[in-house]
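Here is a sequence together with a model predicted from it:
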Amino acid sequence: MKRLGWVGVIAAFLLISAFGFGMLSRQGRPAPQAVPVDARPIDQHAGHADVVADSPATRSFKEANERMHAAMNIDYSGDADVDFMRGMIAHHEGAVAMARIALDQGTDPEVKGLAQEIIRTQEAEIVRMRVWLANRASRPAAPGG
């Protein structure tokens, strides 16, 4: 049997990491703390409309969206390939988190089926992108670069 090379070890580690992230994203997280803002209405009657509170699903989607956009705020390297992969990993992790919310809180079988498909395909793509980044990082620098 052929020995498992370092690339295989990295791929296995990344697969386990992706699975672990998926499990952690299923756990509830505390809502971000609100920042006090002076938002006094100009009109004394402004702001008196009925306000509908967010549902638990909406709160979960908003939190997942905020985490995804924060993670997508990468330090750009100037390498379009690397920056694409890093940004897309965060984007896919956000899609997986939203799909898990749909599975946990949704009711439509078609939506749940699509959510399961998104989790399966995007987690595989996350592993593929992480392996690509690991391989790219292990390459020697190009001459003159």
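Looks like it came in fine.

so where's this structure uncertain?
Across the chain, the ranges flagged by pLDDT under 70 are 1-52, 141-145.

where do the helices sit along it?
6-26, 56-72, 80-105, 109-138 (DSSP state H).

Tell me, how many residues neighbour residue 117?
Residues within reach of residue 117, counting by other Cβ atoms under 10 Å, total 11. For glycine as for every other residue, the C-beta is placed from the backbone atoms N, C-alpha and C.

where's it relative to residue 124, distance?
Counting by Cβ to Cβ, to the nearest Å, the gap from residue 117 to residue 124 is 11 Å.

With residue 134 instead?
16 Å.

tell me the contacts of residue 98?
61, 64, 65 (Cβ atoms under 8 Å, 6 or more residues apart in numbering).

Please check those residues and keep the buried ones.
Buried by 16 or more other Cβ atoms under 10 Å: 61, 64, out of those.

looking at the helices of the chain, which is buried most?
helix 80-105 (a mean of 18; mean count of other Cβ atoms under 10 Å).

Keeping just the C-alphas, turn stretch 99-113 into PDB.
Presented in PDB, the C-alpha positions along stretch 99-113 are these (Å, rounded to 0.1, in the frame of the first residue of the first chain):
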ATOM      1  CA  ALA A  99     -28.100  25.800   4.800                       C
ATOM      2  CA  ARG A 100     -27.900  24.400   8.300                       C
ATOM      3  CA  ILE A 101     -30.300  27.000   9.600                       C
ATOM      4  CA  ALA A 102     -32.700  26.000   6.800                       C
ATOM      5  CA  LEU A 103     -32.400  22.400   7.900                       C
ATOM      6  CA  ASP A 104     -32.900  23.200  11.500                       C
ATOM      7  CA  GLN A 105     -35.700  25.700  11.200                       C
ATOM      8  CA  GLY A 106     -37.300  25.200   7.800                       C
ATOM      9  CA  THR A 107     -40.200  23.000   7.000                       C
ATOM     10  CA  ASP A 108     -40.300  22.600   3.200                       C
ATOM     11  CA  PRO A 109     -38.900  19.200   2.100                       C
ATOM     12  CA  GLU A 110     -37.600  20.800  -1.200                       C
ATOM     13  CA  VAL A 111     -35.700  23.500   0.700                       C
ATOM     14  CA  LYS A 112     -34.300  21.000   3.100                       C
ATOM     15  CA  GLY A 113     -33.100  18.800   0.200                       C
END
